[in-house]
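K.L.:
structure of the sequence below:
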Amino acid sequence: MTSPIERSLVLVKPDAVRRGLLGEIISRFEVKGLAIEAMELRTMDAALADQHYADHVDKAFYPPLKEFMTSGPLVALVLSGDQVIEVVRAMIGATDGRKAAAGTIRGDLSLSNRENLVHASDSPQSAARELALWFPKL
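P.N.:
Down below sits the predicted model:
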């Protein structure tokens, strides 16, 4: 018996777009067998950053994170598949690219804690909240 199909928000961050890694990152999700239900190139504005990172706006690390995330275009994806949230989190690796395992997106392609290429929803609850922010018509 298989699990129900889930959806997750994935953001391919401005550093990945600047570095030309979009194709590499999306390809990994496709090769894994995940479906792309929606995809949009856009720049996160300050208001959306504050909504997306609502749990972090009062933390010391947030101002530089907000500056980075609003610094240029990113790609927002809706991925779906069996246990997609858990699968994507495993694929992207630890937050700090310097410590992420080889074979993960961050482990193979990132050397930073903040500029770590990809954001992915971490639970069904955060996925629902984030998807409503980024893709309200879905």
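K.L.:
helices of this protein, start to end?
P.N.:
Assigned by DSSP state H, the chain shows helices spanning 14-18, 22-32, 46-52, 62-69, 84-92, 105-109, 124-134.
K.L.:
got TSV for those, with mean neighbour count too?
P.N.:
(Each C-beta comes from the backbone N, C-alpha and C, glycine too.) Below are those laid out as TSV (neighbours: other C-beta atoms under 10 Å):
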stretch	mean neighbour count
helix 14-18	19
helix 22-32	15
helix 46-52	15
helix 62-69	16
helix 84-92	20
helix 105-109	20
helix 124-134	16
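K.L.:
wait, which of these is closest to residue 98?
P.N.:
helix 105-109 (8.9 Å; C-beta to C-beta).
K.L.:
what does that closest one contact?
P.N.:
16, 21, 24-25, 28, 91-97, 100-102, 116-118 (C-beta atoms under 8 Å, 6 or more residues apart in numbering).
K.L.:
relative to residue 46, how far out is the residue nearest to residue 107 when sequence neighbours are not counted?
P.N.:
Leaving aside its chain neighbours, residue 107 sits nearest to residue 100 (3.6 Å; criterion: C-beta to C-beta, 6 or more residues apart in numbering). According to C-beta to C-beta, to the nearest Å, residue 100 stands 29 Å off from residue 46.
K.L.:
can you tell me the centre-most residue of this structure?
P.N.:
residue 119 (2.3 Å; C-alpha atoms, centre = their mean).
K.L.:
how about the nearest residue to that one, chain neighbours excluded?
P.N.:
Residue 119's closest residue in space is residue 11 (C-beta to C-beta, 6+ apart), at 4.1 Å.
K.L.:
same question for residue 52.
P.N.:
That would be residue 133: by C-beta to C-beta, 6+ apart, it lies 6.0 Å from residue 52.
K.L.:
spit out the contact partners of the residue nearest to the centre of the chain.
P.N.:
9-11, 13.
K.L.:
OK, contacts around the residue nearest to residue 119?
P.N.:
Residue 11 touches 74-77, 118-120, 134, counting by C-beta under 8 Å, 6+ apart.
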